[in-house]
Structures are given as C-alpha cells and as structure tokens.
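Undergrad: fold the following and give me the result.
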Amino acid sequence: MKITSTAVSLNVDDVPGSSAFLTEHFGFRQEMTADGFASLTRDDSGMNVILLRRGLATLPADQRDEHARGLILAFVVDDLEGELARLQAEGVSITMPLTVEEWGERAFQVRDPNGVIVQLVDWNGAR
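TA: Next comes the predicted model:
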C-alpha cells in the first residue's frame with residue numbers, strides 16, 4: 001500500500017460555519033465545495049479537512065446522522081504562545097487553557113461553531 005494523501009472527514013450541521021472558522025483562524029483554503037460538502041487544505045499541513053453536512057444521503061445510513069463528537073482536530077505548531085495570543089486577539093474563545101502534561105506536551109483548545117474541538121499543541125517541553 002502507498003498512501004498518497006491524508007484527510008479527516010467530519011460530519012457537522014453547518015459546513016459553511018466550520019469552513020469559515022478554519023479558513024479565517026487557521027489559514028485553510030477551500031479546495032472543493034458543493035452543497036453540504038467542503039474540502040479544506042493548507043500547503044504545509046499534509047492533510048485535508050473534509051466537512052460533510054449531517055444527514056447527507058451519500059453517507060452510509062449508519063453514519064449520516066453522526067456528529068463529530070469525541071474527536072480532537074490537533075495541529076502541531078512551532079509558536080504555541082504566539083498562536084494563543086493571535087487567536088485571543090481575533091476574539092476566539094479559548095475553551096481549554098494552555099496546559100502542560102508531564103510527558104512534555106503543551107496544548108490549548110478552541111471550538112468551532114459546530115463544537116468541533118481544535119487543539120494547538122507542541123512538544124517543546126518533551127524530555
């Protein structure tokens with residue numbers, strides 16, 4: 001097997017809301033869009049974020065009404081404090097303050113308009 005790209009697909013109620021949030025605050029751009037669908041990318045992330053409107057008939061019946069719960073969309077960054085300050089200045093609510101875990105992970109979280117958790121993280125404190 002050869003993996004040529006990576007994506008995460010999230011079922012949400014408001015595709016334009018999540019798309020705008022990731023575009024405005026995290027530098028993603030829309031690569032493809034249609035009714036109930038958006039594919040977002042960044043040149044430096046190596047991953048696409050796919051947004052699907054809950055209830056789409058194209059989804060299998062056992063998936064179409066699920067919501068992206070229990071999932072954390074994590075982005076590793078090189079200036080965690082700078083990103084925290086930037087997002088606060090942009091008026092984004094920080095839903096988990098900057099924390100440091102015993103294994104060295106440092107992270108904080110925000111939520112998009114659909115409640116999807118976005119976590120910014122670094123491992124600069126790792127031993």
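Undergrad: quick one: residue 22 is in a helix?
TA: Yes - assessed by DSSP: H, G, I helix; E, B strand; the rest coil, residue 22 belongs to a helix.
Undergrad: pLDDT value on the residue nearest to it when sequence neighbours are not counted, please?
TA: Residue nearest to residue 22 in three dimensions, not counting chain neighbours: residue 28, with 4.4 Å by C-beta to C-beta, 6 or more residues apart in numbering. The way it works is simple: take the backbone N, C-alpha and C, and place the C-beta from them, glycine included. The score at residue 28 is 97. That number is its pLDDT.
Undergrad: contacting residues for the most centrally placed residue in the chain?
TA: For the chain, the residue nearest the mean C-alpha position is residue 73 (4.2 Å; C-alpha atoms, centre = their mean). Residue 73 makes contacts with 8, 10, 49, 116, 117, 118, 119, as judged by C-beta atoms under 8 Å, 6 or more residues apart in numbering.
Undergrad: who's it bridged to?
TA: residue 118 (DSSP bridges).
Undergrad: read off the pLDDT value for it.
TA: 93.
Undergrad: could I get the contacts of residue 73 as JSON lines with distance to residue 88, neighbour count and pLDDT?
TA: Output for those, formatted as JSON lines (distance: C-beta to C-beta, whole Å; neighbours: other C-beta atoms under 10 Å; pLDDT from 0 to 100):
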{"residue": "8", "distance to residue 88": "25", "neighbour count": "12", "pLDDT": "93"}
{"residue": "10", "distance to residue 88": "24", "neighbour count": "19", "pLDDT": "93"}
{"residue": "49", "distance to residue 88": "23", "neighbour count": "23", "pLDDT": "96"}
{"residue": "116", "distance to residue 88": "19", "neighbour count": "23", "pLDDT": "94"}
{"residue": "117", "distance to residue 88": "17", "neighbour count": "17", "pLDDT": "95"}
{"residue": "118", "distance to residue 88": "14", "neighbour count": "22", "pLDDT": "96"}
{"residue": "119", "distance to residue 88": "16", "neighbour count": "16", "pLDDT": "96"}
